[in-house]
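Participant: For reference, the sequence and a predicted model appear below.
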Amino acid sequence: MYSFRVCPRCGKMSFPLDLSPDSLCPFCNHAIIKVKYTGKINDGNCYQTQDDYARQQKDIIETVIMPHPEFDRKLFDKRMEEEYYLLQKTMLYTPICSFCGSSNIQFIERKRKLVKGYILEKVCVSCGKKVK
């Protein structure tokens, strides 16, 4: 069993445990509460790997957040929509290597030979190839 902090109204998680008890949710400005979670879902599986993280988050939402008396479904849906939009926007502007598919891209300054100054090149850190 472990503890975590969550906003009971909009369902926002991911708050550090050392957060002061009177802290407010940055999304809905409601008091954040500390809850305990066993780490096991009804089927008895223990989720300790990164692959199971999405299923664990879904279980926390269904068993801890939604039954809470202060839970607001409209606010939860609005928060999820905004987070999805932000994720899509981030993915849209993230450069990806055309050779290996990695998003681990680094910008490197290269000195020009004929003209004074520098140019920036995108290079994949994983495979070392130039990214267009």
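Facilitator: Arrived safely, thanks for sending.
Participant: what's residue 120 in contact with, if anything?
Facilitator: Residues in contact with residue 120, defined by Cβ atoms under 8 Å, 6 or more residues apart in numbering, are 107-110. Every C-beta, even on glycine, is put in place using the N, C-alpha and C of the backbone.
Participant: Next, format those as TSV and append pLDDT and secondary structure.
Facilitator: Written out in TSV, the entries for these read as follows (pLDDT from 0 to 100; DSSP: H, G, I helix; E, B strand; the rest coil):
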residue	pLDDT	secondary structure
107	82	strand
108	80	strand
109	75	strand
110	71	strand
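Participant: Filter the residues you listed down to just the buried residues.
Facilitator: Among the contacts of residue 120, not one counts as buried by 16 or more other Cβ atoms under 10 Å.
Participant: List just the nearest of the residues you listed to residue 128.
Facilitator: Of all these, the one with the least separation from residue 128 (Cβ to Cβ) is residue 108, at 10.9 Å.
Participant: so that closest one touches residue 121, yeah?
Facilitator: Yes - with contacts counted by Cβ atoms under 8 Å, residue 108 reaches residue 121, the gap being 5.3 Å.
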